[in-house]
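Asker: just a sequence and a predicted model for now, questions to come.
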Amino acid sequence: MSADDRPLLDRSLLDRLWMPTTPALRLATLRALVGAYGFVYVLVRLPHLLSYALDDVARFQPVGLATLAPSPTLPIVYQALVALLVLTSGTFLLGFKHRWLAPLHAVLLTWVLTYTNSWGKILHTDNLFLAHVIVLAFAPSADALSLDARGKARPADHPRYGWAPKLMVALAAAAYLLAGIAKLRNGGLHFLGGETLRNFVAFDNARKIELADIHSPLGAALLPYPGLFAVLAWVSMLLELGAPLALHRRIGRWWSLGMWGFHLGVLALMAIGFVYPLSFLAFAACFDVEKLWQRRPLRKLATKLGVA
């Protein structure tokens, strides 16, 4: 093999890893799933989002895109942007004028979420959802299962549909890897003993009881068993530090089930629900989601949508 041949071989390997030949329907289904979640999310939280049409400059500590604004946005302008976000959430879900409106939707969503975080506590719970929307907005995810694709022949499987699902998995893996690293930086290997986790569960439930908030009776009941928390600490650390293995498709499927179980555990022990992971949509890119349309409950709908 000559030196001139090596770059071609390397590029071929890179293509197989990051741009595998993928059905357009898989990418489109991911857009529809994440888009449906986002549409419902925006509608449900609309009163909360609109509540940040504030002009109390003293409370404004900009983060993200909001740092580009020297002062709070005029309330009426912010309300108009939220209304436009509702509209683009619908066009993103339906795949309408995707090439132009989807990037606009990604920018609006980034602006609104970072703007709301600029008035108080910075929340990280929407970061992965936002990252997935951005990927899908700039990918050809409306080439099937969309208003844009009506009356057109279904595209052939192609590598251009493969990089976005792969990147969505990589972003999820990166988020959990950073969480694992943060645990080690804050608590060191002592975290694996389980006492830190046990104390956190105890404090969180005690605080909620004092505030007459929803707490977890199960978490309180399990506090006398420190060995259980040691096992949970090891499992969570292995899942988070092992997150890069999710880039291997078969391992990624098992990892995603493990992370989903992790979030169920958080819900059970502390009554804290991270909705996007709990919906399993955070891990959907690990699976052949286009096969959902072959399931009996969706077959009739698939026929109507032209994806059967």
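Answerer: Looks like it came in fine.
Asker: tell me how far Pro277 lies from Ala164.
Answerer: 19 Å (Cβ to Cβ, to the nearest Å). Every C-beta, even on glycine, is put in place using the N, C-alpha and C of the backbone.
Asker: so Phe287 sits against Arg253, correct?
Answerer: Yes: with contact defined as Cβ atoms under 8 Å, Phe287 and Arg253 form a contacting pair (6.3 Å).
Asker: average pLDDT for the helix or strand where Leu101 lies, rounded please.
Answerer: Assigned by DSSP states H and E, Leu101 falls within helix 98-117. Here helix 98-117 scores 95 as its mean pLDDT.
Asker: follow-up on the earlier one: name the residue in Phe287 and Arg253 with the higher neighbour count.
Answerer: Between Phe287 and Arg253, Phe287 has the larger neighbour count (other Cβ atoms under 10 Å), namely 18 against 15.
Asker: pLDDT score for the more buried one?
Answerer: 96.
Asker: OK, contacts around it?
Answerer: Arg253, Ser256 (Cβ atoms under 8 Å, 6 or more residues apart in numbering).
Asker: endpoint to endpoint, stretch 110-127 covers what distance?
Answerer: Distance between the boundary residues of stretch 110-127 (Cα to Cα, to the nearest Å) amounts to 9 Å.
Asker: can you offset everything so residue one is 623?
Answerer: Sure thing, new numbering starts at 623, so read that last one as stretch 732-749.
Asker: residues touching Leu845, list them.
Answerer: Arg820, Val823, Ala824.
Asker: swap the cut-off to 10 Å and go again
Answerer: For Leu845, the contact set (Cβ atoms under 10 Å, 6 or more residues apart in numbering) comprises Arg820, Asn821, Val823, Ala824, Asn827, Ala828, Phe851, Leu891.
Asker: next: Asp678.
Answerer: Here Asp678 is in contact with Pro694, Trp741 (criterion: Cβ under 10 Å, 6+ apart).
Asker: repeat the analysis, applying 7 Å as the threshold.
Answerer: Neighbour list for Asp678: empty [criterion: Cβ atoms under 7 Å, 6 or more residues apart in numbering].
Asker: could you pull out the helices in this protein for me?
Answerer: Applying DSSP state H to the chain gives helices spanning 628-640, 646-666, 668-672, 697-716, 720-739, 749-759, 785-809, 817-832, 839-843, 848-863, 871-892, 897-900, 918-927.
Asker: buried residues in the fifth one?
Answerer: Along helix 720-739, these residues count as buried under the neighbour rule (16 or more other Cβ atoms under 10 Å): 720, 723-724, 726-739.
Asker: angle of it against helix 646-666?
Answerer: Calculated by axes from the mean of the first three to the mean of the last three Cα atoms, to 10 degrees, helix 720-739 forms an angle of 40 degrees with helix 646-666.
Asker: so where's the stretch 673-822 of the chain uncertain?
Answerer: 677 (pLDDT under 70).
Asker: tell me how many other residues crowd Ala890.
Answerer: As a burial measure, Ala890 scores 14 neighbours (other Cβ under 10 Å).
Asker: contacts only, for it.
Answerer: Ser838, Leu840.
Asker: for it, give its distance to Leu903.
Answerer: 20 Å.
Asker: cool, Leu861 as well?
Answerer: Following Cβ to Cβ, the distance that separates Leu861 from Leu903 is 18 Å.
Asker: same check, this time on Gly686
Answerer: 22 Å.
Asker: higher neighbour count, these two?
Answerer: Counted by other Cβ under 10 Å, Gly686 and Leu903 do not tie: Leu903 has more neighbours, with 21 against 16.
Asker: that one and Ala654 touch, don't they?
Answerer: No: counting by Cβ atoms under 7 Å, Leu903 sits too far from Ala654 to count as a contact (10.6 Å).
Asker: related to what we said a few turns ago, report all helices and strands that the helix holding Leu723 contacts.
Answerer: Contacting helix 720-739 under the criterion 3 or more Cβ pairs under 7 Å, 6 or more residues apart in numbering; DSSP states H and E are the following elements: helix 697-716, helix 749-759.
Asker: try 8 Å
Answerer: helix 668-672, helix 697-716, helix 749-759 (3 or more Cβ pairs under 8 Å, 6 or more residues apart in numbering; DSSP states H and E).
Asker: can you add distance to Ala843 and mean neighbour count and give those back as a markdown table?
Answerer: Shown next, in a markdown table, are these (distance: least, Cβ to Cβ, whole Å; neighbours: other Cβ atoms under 10 Å):
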| stretch | distance to Ala843 | mean neighbour count |
| --- | --- | --- |
| helix 668-672 | 33 | 13 |
| helix 697-716 | 41 | 17 |
| helix 749-759 | 31 | 22 |
